[in-house]
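>>> just a sequence and a predicted model for now, questions to come.
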Amino acid sequence: MKFLVDIATNQLVSKELSIKQYKEILKVIWPEKPSPTLVLNILFDIFAELTDKPTEYFDELSVLELFMFILQLRIQTFGSTCDLSV
């Protein structure tokens, strides 16, 4: 299924996360010693697969735009109820 993701200045068409992609995200986010560079590279690769945009596109997004993309992806995948701690 495809859906629109509205980030600050753009709208992206994205697919839902597959189980494989979800597992890959979980593995990279919670290792014993996380590497921020590796985490971002893998996340951007997955985002590129979902949106058919190059990974460089996600390098250029602001932190807010990335957060909005991740939040909307989460809502589409798991529902609109989301606990958020800031």
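Arrived safely. Numbers count the residues shown, from 1 in each chain.
>>> so, low pLDDT: which residues of the chain?
Applying pLDDT under 70 to the chain flags the ranges 82, 84.
>>> report back the residue of it that's furthest from centre.
Most distant residue from the mean C-alpha position of the chain: residue 32, 21.4 Å away (CA atoms, centre = their mean).
>>> for the most centrally placed residue in the chain, give its distance to residue 36.
With distances taken as CA atoms, centre = their mean, the residue of the chain nearest its centroid is residue 70 (4.1 Å). To residue 36, residue 70 is 15 Å away according to CB to CB, to the nearest Å. For the C-beta atoms, the positions are set from N, CA and C on the backbone; glycine is no exception.
>>> and if you look at residue 28?
Residue 28 sits at a distance of 11 Å from residue 36 (criterion: CB to CB).
>>> likewise for residue 2?
Distance from residue 2 to residue 36, counting by CB to CB: 30 Å.
>>> which one of these two is surrounded by more residues?
Applying other CB atoms under 10 Å to residue 2 and residue 36 shows that residue 2 carries more neighbours, namely 10 against 7.
>>> residues contacting that one?
13, 14, 15 (CB atoms under 8 Å, 6 or more residues apart in numbering).
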